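# Pasting the sequence and the predicted coordinates here, then a few questions.
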Amino acid sequence: MKKRNKLEIILEVLEIVSSESGINPTWLSTKANLSYDRLKKILDELIARGLVESIPSNERKGSTMLVLTPEGVELLEELRKLRSLLRDYGLI
Amino acid sequence: MFFMDLYQLMLLVLNIACLALFSYISTVFLKSYLRTGVKFLGFFSASFMLLALSQAASATSNILEDPKISLTLYTLSSSTASAAFLVMLFFMLCASKEEAFAIMPPLLLVSFSDLLAFTISMTVSLLVSGKYLRSYLIVLSLTYFLRGLSSLLMLSQLGIHLLITSELLKASATLVFATYHLSKVIKP
């Protein structure tokens, strides 16, 4: 399997969080095919940049769920626009 | 005359359209870079900005009356375009796109022909063993660097001063170099 670069990982994480709003980090790491540590690093960065928000889960006490912020939704749209161009250049 | 004017107008329109499009693409890349911190997006933004700059230089060179400034801008347009494609090429060939950014600034520099001459002559100067020869090559390298810098700053007074200084320095260093070689050859 081709090693994904950081942009591909961010794009995938944002897409999963967007399609499954309220996903928990453990399930996200499985779906994104990332180790929990690697995902945590990416998530910390996305949260610090205000793209993803970690909120307390309604279903399970003590656990958190992830949602995209409006900035995250906007970025995802922009990255989707760039995706085809970046693929043409072989960058993703 | 009419066709020439029409041709120039067409070129101008095409260049301005390309300038607007490249600027837009560069902005989209830049926004994504600022939001994600993924460095190659930033360099792609810079690459498209250089292409936009190339179009701007090309468009301006077509409309300016002064042949010297026009020629400078014409040269600048090809230099900036080559720098833009060099950045793209590098990222396309480089496997580790995240670490590649460190090599970008020197790559951008060497893409300007005078700065390429500077880099090569400086490399040669580091490899030669003769003390005088090395000194000469370093001076020569610096003159190329100054000339490259002057071509980038040509529209300002500083650029013209740099060009005059570098040419004078090069001519003087070359005379010293030639004299040194002659002294070696004619030495019994």
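Right, received. Where do you want to start? Numbers count the residues shown, from 1 in each chain, chains lettered A, B, ... in the order given.
# Neighbours of residue 49, how many?
Using chain A here. Summarising burial for residue A:49: neighbours were counted as other Cβ atoms under 10 Å in any protein chain shown, giving 17. (C-beta placed from N, C-alpha, C; glycine too.)
# looking at chain B here, not the other one
19.
# In terms of helices and strands, where is it?
Secondary structure assigned from DSSP states H and E places residue B:49 in helix B:39-63.
# So which elements touch the very next helix or strand once past that helix?
The C-terminal neighbour of helix B:39-63 among helices and strands, as given by DSSP H and E, is helix B:67-93. Contact here means 3 or more Cβ pairs under 8 Å, 6 or more residues apart in numbering or on different chains; DSSP states H and E; on that basis helix B:67-93 packs against helix B:39-63, helix B:104-110, helix B:131-152.
# Buried residues of helix B:67-93, list them for me.
For helix B:67-93, a neighbour-count test (16 or more other Cβ atoms under 10 Å in any protein chain shown) marks B:72-77, B:79-84, B:86-88, B:90-91 as buried.
# same check, this time on stretch B:14-33
Neighbour count says stretch B:14-33 has B:15, B:18-19, B:22-23, B:25-26, B:28-33 buried, by 16+ other Cβ under 10 Å.
# Reformat those as a markdown table; add secondary structure and distance to residue A:75.
A markdown table is the format used below for the buried residues of stretch B:14-33 (DSSP: H, G, I helix; E, B strand; the rest coil; distance: Cβ to Cβ, whole Å):
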| residue | secondary structure | distance to residue A:75 |
| --- | --- | --- |
| B:15 | helix | 32 |
| B:18 | helix | 27 |
| B:19 | helix | 26 |
| B:22 | helix | 22 |
| B:23 | helix | 20 |
| B:25 | helix | 17 |
| B:26 | helix | 17 |
| B:28 | helix | 11 |
| B:29 | helix | 12 |
| B:30 | helix | 13 |
| B:31 | helix | 8 |
| B:32 | helix | 7 |
| B:33 | helix | 11 |
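# So which of these reach chain A?
Restricting the buried residues of stretch B:14-33 to those near chain A by Cβ under 8 Å from any Cβ of the partner chain leaves B:25, B:28, B:29, B:31, B:32.
# Please compute how far the helix or strand hosting residue B:114 lies from its chain's middle.
Assessed by DSSP H and E, residue B:114 sits inside helix B:113-127. Chain-centre distance of helix B:113-127: 14 Å, with Cα atoms, centre = their mean, to the nearest Å.
# Need the three-state assignment for residue A:34.
The three-state label given to residue A:34 by DSSP: H, G, I helix; E, B strand; the rest coil is coil.
# separation between the closest residue to it other than its chain neighbours and residue A:76?
In space, and not counting its chain neighbours, residue A:34 is closest to residue A:9: 6.8 Å by Cβ to Cβ, 6 or more residues apart in numbering or on different chains. Using Cβ to Cβ, to the nearest Å, one obtains 13 Å as the distance from residue A:9 to residue A:76.
# Identify the residues contacting stretch A:26-46?
A:6, A:9-10, A:12-14, A:16-17, A:20, A:23, A:25, A:52, A:54, A:66, A:72, B:37 (Cβ atoms under 8 Å, 6 or more residues apart in numbering or on different chains).
# One more pass at 7 Å, please.
A:9, A:10, A:12, A:13, A:16, A:17, A:25, A:52, A:66, B:37 (Cβ atoms under 7 Å, 6 or more residues apart in numbering or on different chains).
# what about the second one, neighbour count?
Read it as residue A:10. With other Cβ under 10 Å as criterion, residue A:10 counts 25.
# what does chain B put close to chain A?
B:28-29, B:31-32, B:35-38, B:40-41, B:88, B:91-92, B:97-98 (Cβ under 7 Å from any Cβ of the partner chain).
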